[in-house]
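# Kindly return the folded structure for what I paste below:
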Amino acid sequence: MNINWLRTFITAAETENFRKTAEKLYMAQPTVTAHIKQLERDIGTQFFRRSGRSIVLTEAGRRFLPHARSILSSYDRSTHDLLAWEQGYKRKLNIAVSPLLAVTILPYIVRQFMERHVDVEVTVQVKDSKEISEMIEKGEADLGLLQMKPLQKTLFVKKIKEDDVICVCPHDGGDIESSPPIDVRNLFENQTLFTYNHPEYWDDLLSAIHAKYPKIRTMVVTQVHITKRFIEEGLGFSFLPKISLNRELMEGRLLEVRTPELKLPKASTYIIIREDTEENRLFQVFLKEYFSY
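The predicted structure is shown next:
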């Protein structure tokens, strides 16, 4: 049995179309047909039947599909493990991280960690904070860096960082030093507030804002980088962790708005793990040095 036959079979089962399978696998359609026929000949049964322009799995095909996926997954893991060993890696660390942290502090942290621990292969998965805690609980990642405290009681949780949250609006194009102070009331009453770009602090903050500006217009934008882009285009304003705004503020693309009438929250960063492995301990020691928590 050829492993490429299995890959073609699985893709064909998912697309239910040989042409789409060929496009997805970057091969000619006759090659797809040949792979399926060779696999069927090798196993001794038919896996697909025609249904108009599409194909559907036979009962045998449905029974074989999970086994094919298991075989391919095992093959991919084993070849990856061998390649990693040949490259000098002896251990693995799978990190799940939120989008905000992935584009701010994570690149520097991972680079420094890898320079110190050259035998550890680091894998990074970028997921929303809610997904991260579920991944750690299921063992799909070793360690999580996220921005909301997980609800799962089975996980070890540690707050490692707090960042200021500030209000930002678009630059008006004038000179920052000579520009007049921003009219906060006009901003809140006439511009759109982008909300829920951070998973933890928005409920309380929005209640406080509504108490002072009951007619404020809001729009949910769930990603920080999208929120910043919307603000730069002059579509509205928001409250964001200052760590995510360093470049935009320095380059004058966004302006900080002072809001003394509001008590602004902090944006927290948490580390979570399920098992106390050696690789987890190494990374936690490194983070403790970096953040001094």
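
# Flag every buried residue along the longest helix along the chain.
In the chain, assigned by DSSP state H, the helix with the most residues is helix 59-86. Using 16 or more other CB atoms under 10 Å as the test for burial, helix 59-86 gives 61, 64, 65, 68, 72. Bear in mind the C-beta positions are built from the backbone N, C-alpha and C, glycine included.

# any chance you could map the helices in this structure?
3-15, 18-25, 29-43, 59-86, 99-103, 106-116, 129-138, 184-190, 202-212, 224-232, 246-250, 278-291.

# got those as CSV, with mean pLDDT and distance to residue 267 columns?
Below are those laid out as CSV (pLDDT from 0 to 100; distance: least, CB to CB, whole Å):
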stretch, mean pLDDT, distance to residue 267
helix 3-15, 92, 39
helix 18-25, 91, 40
helix 29-43, 92, 49
helix 59-86, 83, 35
helix 99-103, 88, 8
helix 106-116, 87, 15
helix 129-138, 91, 11
helix 184-190, 91, 21
helix 202-212, 94, 11
helix 224-232, 94, 10
helix 246-250, 89, 14
helix 278-291, 85, 14
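
# Looking at the ones you listed, which is nearest to residue 170?
Residue 170 lies closest to helix 224-232 among those, at 5.3 Å (CB to CB).

# now the residue of the chain most remote from its centre: how far from residue 64?
In terms of distance from the mean C-alpha position of the chain, residue 44 ranks first, at 42.8 Å (CA atoms, centre = their mean). Relative to residue 64, residue 44 is positioned 11 Å away (CB to CB, to the nearest Å).

# One more: residue 72?
Note on residue 72: its distance to residue 64, by CB to CB, is 12 Å.

# and if you look at residue 268?
For residue 268 relative to residue 64 (CB to CB), the value is 48 Å.

# Equivalent analysis for residue 154, please.
Separation of residue 154 from residue 64 (CB to CB): 36 Å.

# ok, back up a step: tabulate the buried residues of helix 59-86 (a markdown table), appending distance to residue 25.
What follows is the buried residues of helix 59-86, written out as a markdown table (distance: CB to CB, whole Å):
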| residue | distance to residue 25 |
| --- | --- |
| 61 | 18 |
| 64 | 19 |
| 65 | 17 |
| 68 | 15 |
| 72 | 13 |
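
# which one of those residues sits closest to residue 241?
Nearest member of the buried residues of helix 59-86 to residue 241, counting by CB to CB, is residue 72, at 40.9 Å.

# isn't the closest one right up against residue 6?
Yes. If you go by CB atoms under 8 Å, residue 72 and residue 6 touch, sitting 5.2 Å apart.
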